[in-house]
Structures are given as structure tokens and as C-alpha cells.
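>>> Here is my input; please provide its structure:
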Amino acid sequence: MSKFNELYNADIARYRGKPETYIRIFLFLYRKASLASFAPLKLIYKALFRIWANRRGLEISASQQIGGGLYLGHAYNITINCRAKIGRNCNIHKGVVIGQVNRGSRKGYPTIGDRVWIGINSAIVGNVTIGDDVMIAPNSFVNIDIPSHSEVFGNPCIIKHRDWATEGYVNNIVE
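Below you'll find the predicted structure:
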């Protein structure tokens, strides 16, 4: 199976195989734009992806490193820095910002693990690492490292250890 088919099918499976048409098109164009090897075709996919993403206020780069099983809940007004890395089976919701910091000890871009649920209007900024199985509550501001198996909430963020933190939130996990 091709890398495109593997990632695209993983994304679609997270929606129980029936995402809205605009999500299906967005994921198709994103995966094609990021994986196409024939330069003219890659340019066409990137242009179509950018047009489609802009219609929803999605600031996501076609060169973004996102693992399979991406789930965009309420897919509007999401901003992800092009150098941020996102693992497999992640849920990202409306109004989320995953951005860089340009100065200080946290200068850089976030790295987000597998099975992470990022709630509405949350912000993750700087050179921080978010572990696996982490739930970030809505309206949280994260600018520190978060260990695996944690729940995060508030500003400044409060971290609570919890085994299976995303159980019931990150569903239809693909391997």
C-alpha cells in the first residue's frame, strides 16, 4: 500500500469512515500535496490545498509533519506552525494554535506525541514536547513540556497525571 493510501485511510477511519465532504477533500489534498513526488503535480495539489484550507481558516502547511489518523473536530480557524510535529491519532479542534516562540529559553516549535486531544481555543507554543496520551482541555495555554498520560488545563497550565487520559476522547484509533 502506498504511503498516501496508508495515511489518508487512517485519517478517514478516525471519522468512522464517514467524514463531512469538506473534511474528506481537505485530507485528500493535504496528503497528496505533502506526498506527491512529481513536481508539477505536487505544485497543483499544494495550490488546491491552500485554496481549500483558506476557505475554512485552516493555516496548515502541506509540508507539515502529521502522523496518520488526524482528526479535525469543528475544522475552522486552526493554526499550526509549519515546523511543528504532530504524532498519530491526534484530535485538533476549532481555534487551536500550535505556534513558535522566537526568543528565550522556549525558542522553537512544539512536538506533539500520539493520541493527543487538543481542545477548542487551546494554544501550544514554543519548543515544548507533549507526550503520548495527553488531553489538553479547552482554553488552555501550554508553554512547558507535558509528560505522557496527563491532563492539562488552564492558564498557566496545570498538569495532572492520569492513566488513559484520552480514553473516550480519542476514538477509532488506527495503528
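
>>> Any chance of the backbone angles for the residue of the chain most remote from its centre?
In terms of distance from the mean C-alpha position of the chain, Pro40 ranks first, at 26.9 Å (CA atoms, centre = their mean). Torsion angles at Pro40 (phi, psi; degrees, to the nearest 10) stand at phi -60, psi -40.

>>> any idea of the pLDDT on it?
Pro40 is assigned 95 on the pLDDT scale.

>>> Quick check: it vs Arg14, distance?
Pro40 sits 31 Å away from Arg14, taking CB to CB, to the nearest Å as the criterion. Using the backbone N, CA and C atoms, a C-beta is placed for each residue, glycine as well.

>>> With Ile66 instead?
Distance, Ile66 to Arg14, using CB to CB: 12 Å.

>>> Let's verify Glu151: helix, strand, or coil?
At Glu151 the chain is in strand, as set by DSSP: H, G, I helix; E, B strand; the rest coil.

>>> Kindly report the same for Asn5.
Going by three-state DSSP: Asn5 is helix.

>>> What's the separation between it and Ile146?
Per CB to CB, Asn5 is found 32 Å from Ile146.

>>> same thing with Ala53?
On the measure of CB to CB, Ala53 and Ile146 end up 27 Å apart.

>>> okay, these two: which has more neighbours?
Set Ala53 next to Ile146 and count neighbours by other CB atoms under 10 Å: Ile146 wins out with 23 against 20.

>>> Hmm, that one is touching Asp133, no?
No - taking contacts as CB atoms under 8 Å, Ile146 lies outside contact range of Asp133: 10.5 Å.

>>> Tell me where the model's unsure across this structure.
The chain contains residues with pLDDT under 70 at 1.

>>> Which residue ranges of it form helices?
Here the chain has its helices, by DSSP state H, at 3-14, 21-35, 39-55.

>>> For Glu151, find the nearest of these.
Closest of these to Glu151 is helix 3-14, at 21.0 Å (criterion: CB to CB).

>>> Just the C-alphas of the closest one, formatted as PDB.
Output of helix 3-14 as PDB, limited to C-alpha atoms (Å, rounded to 0.1, in the frame of the first residue of the first chain):
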ATOM      1  CA  LYS A   3       2.200   6.000   1.900                       C
ATOM      2  CA  PHE A   4      -0.600   8.200   0.700                       C
ATOM      3  CA  ASN A   5      -3.200   5.400   0.900                       C
ATOM      4  CA  GLU A   6      -2.000   4.400   4.400                       C
ATOM      5  CA  LEU A   7      -2.200   7.900   5.800                       C
ATOM      6  CA  TYR A   8      -5.300   9.000   4.000                       C
ATOM      7  CA  ASN A   9      -7.200   5.800   5.000                       C
ATOM      8  CA  ALA A  10      -6.000   6.200   8.600                       C
ATOM      9  CA  ASP A  11      -7.400   9.800   8.600                       C
ATOM     10  CA  ILE A  12     -10.700   8.700   7.200                       C
ATOM     11  CA  ALA A  13     -11.000   5.800   9.600                       C
ATOM     12  CA  ARG A  14     -10.900   8.200  12.600                       C
END
